[in-house]
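*Asks:* Generate coordinates for the sequence data below:
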Amino acid sequence: MSLEYRSDRASGLTVTVAEGRITVDDVRRYIEDIVADPTTNDCDELVVLRDVDLKEFSGHDVRNLAQHASKISPEQAFRTAIVAPCDADFGLLRMFEVFRNRPEGKLVVFRDLGSAQAWLGLEKLPDWLDE
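*Replies:* A predicted model of the protein is given here:
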């Protein structure tokens, strides 16, 4: 499992890369960690899924995680772009987008990195994202 993020306050961007088998508990911990981390405050967020295994997740799990995120994370001005190229992952994360209940246009799921980059208005992605 790998769900790691890096935040760059200068650029106003937090990037998370998810790889491998991800559990519901992993995501819950990630949400709690990123909300508690002051370096991520007011930063737009880019979440990139790479060869993830989300088979453990049910619709109920997705709803509970979205409600948990809504409860512990006050609404702020930042935007979140999630990149999920796999059809099944895209569907689960679209459910999360709906259940998260953020204001229109604050959380969007994309199938490709280029679209997410354009939506966030990023001229360039961090070099380390190619690693």
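
*Asks:* and the most centrally placed residue in the chain, what helix or strand is that in?
*Replies:* By Cα atoms, centre = their mean, the chain has its centre lying nearest to Val47, at 3.8 Å. Element membership of Val47, judged by DSSP states H and E, is strand 44-53.

*Asks:* Check which element follows that strand along the chain.
*Replies:* Past strand 44-53, the next helix or strand by DSSP H and E is helix 59-72.

*Asks:* ok, and what's touching that following helix?
*Replies:* For helix 59-72, contacts defined as Cβ atoms under 8 Å, 6 or more residues apart in numbering pick out 24, 27-28, 31-32, 35, 92, 95-96, 98-102. No exception for glycine: its C-beta is placed from N, CA and C like everyone else's.

*Asks:* before we move on, what about stretch 113-129?
*Replies:* Residues outside stretch 113-129 that contact it (Cβ under 8 Å, 6+ apart): 6, 8, 11, 13, 15, 17, 44, 46, 48, 79, 81-83, 108, 110.

*Asks:* which among the residues you listed end up buried?
*Replies:* Leu13, Val15, Val17, Asp44, Leu46, Val48, Arg79, Ala81, Ile82, Val83, Val108, Phe110 (16 or more other Cβ atoms under 10 Å).

*Asks:* So the second one belongs to a strand, correct?
*Replies:* In other words, Val15. Yes. Per DSSP: H, G, I helix; E, B strand; the rest coil, Val15 lies within a strand segment.

*Asks:* so how far is Ala84 from it?
*Replies:* Here the criterion is Cβ to Cβ, to the nearest Å. By it, Val15 lies 15 Å from Ala84.
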